[in-house]
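Q: my questions concern the predicted model and sequence given below.
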Amino acid sequence: LTAELGELVFHGIAMRPSSPTGIGHIGERYVVLLPGNPVSCLCAYDFFGGRIIRRLGGRPAEWPYRRVRKPLRRKAVSVVGRTDYLRVRSTEDGVEPLAVSGASVLSSTTRADGFVVIPPDCEGYPPGTEVDVFLYDDVPDVDLIAAVR
């Protein structure tokens with residue numbers, strides 16, 4: 001529909017999760033095509049939709065997440081030619097990549113404290129590599145249910 005009424009700039013990206021993402025416009029309005037899987041949708045929004053909205057609102061396009069550098073406690077595997085959005089769990093001595101079996105596994109994000117971006121020119125990182133971690137929340141290990149009781 002976007003291509004028929006306007007221009008579809010791209011549809012399909014070399015990124016996991018989020019490969020079916022697209023961007024286009026109809027007249028002066030941007031159209032962001034987000035994947036149907038929840039984790040893919042969050043990732044695509046972070047990389048594309050949120051940045052567009054922040055820029056249109058006069059704000060910097062950068063992610064609104066706090067960034068820290070921490071060592072990986074286990075290796076992180078990727079495929080050259082693809083960007084990976086790796087969900088991680090933060091600990092005092094590093095970050096632990098979460099084992100996931102697919103983009104639709106919402107529990108991988110609900111258990112994550114943040115994410116690491118593995119660029120397309122990288123096969124991943126060995127244990128001990130210092131990586132940039134984008135934290136979803138500034139308050140680690142808070143039991144929200146207990147906090148509101």
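A: Thanks, I have it. Numbering: from 1, shown residues only.
Q: ramachandran coordinates for the residue nearest to Y30 when sequence neighbours are not counted?
A: Spatially, and ignoring its direct neighbours in sequence, Y30 is nearest to I52 (5.5 Å; CB to CB, 6 or more residues apart in numbering). Backbone N, C-alpha and C define where each C-beta goes, glycine included. Dihedral pair for I52: phi -60, psi -50, per degrees, to the nearest 10.
Q: then A3?
A: Note on A3: backbone dihedrals following degrees, to the nearest 10 are phi -70, psi -30.
Q: for L86, see how far away K70 is.
A: Going from K70 to L86 by CB to CB, to the nearest Å gives 13 Å.
Q: compare the two (neighbour count), which wins?
A: L86 (24 against 21; other CB atoms under 10 Å).
Q: which ones are touching the more buried one?
A: Going by CB atoms under 8 Å, 6 or more residues apart in numbering, L86 touches 76, 78, 97-98, 115-118.
Q: quickly list what it is bridged to.
A: Bridge pairing for L86 (DSSP bridges) gives the partners V116.
Q: what pLDDT does the model give it?
A: Model confidence at L86, given as pLDDT, is 91.
Q: give me the low-pLDDT residue ranges for this structure?
A: Along the chain, the parts satisfying pLDDT under 70 run over 100-105, 138-149.
Q: how would you label the most centrally placed residue in it: helix, strand or coil?
A: By CA atoms, centre = their mean, the chain has its centre lying nearest to C43, at 3.6 Å. Secondary structure for C43, judged by DSSP: H, G, I helix; E, B strand; the rest coil, is helix.
Q: tell me how far it lies from V77.
A: Taking CB to CB, one finds C43 at 17 Å from V77.
Q: before we move on, what about T110?
A: 22 Å.
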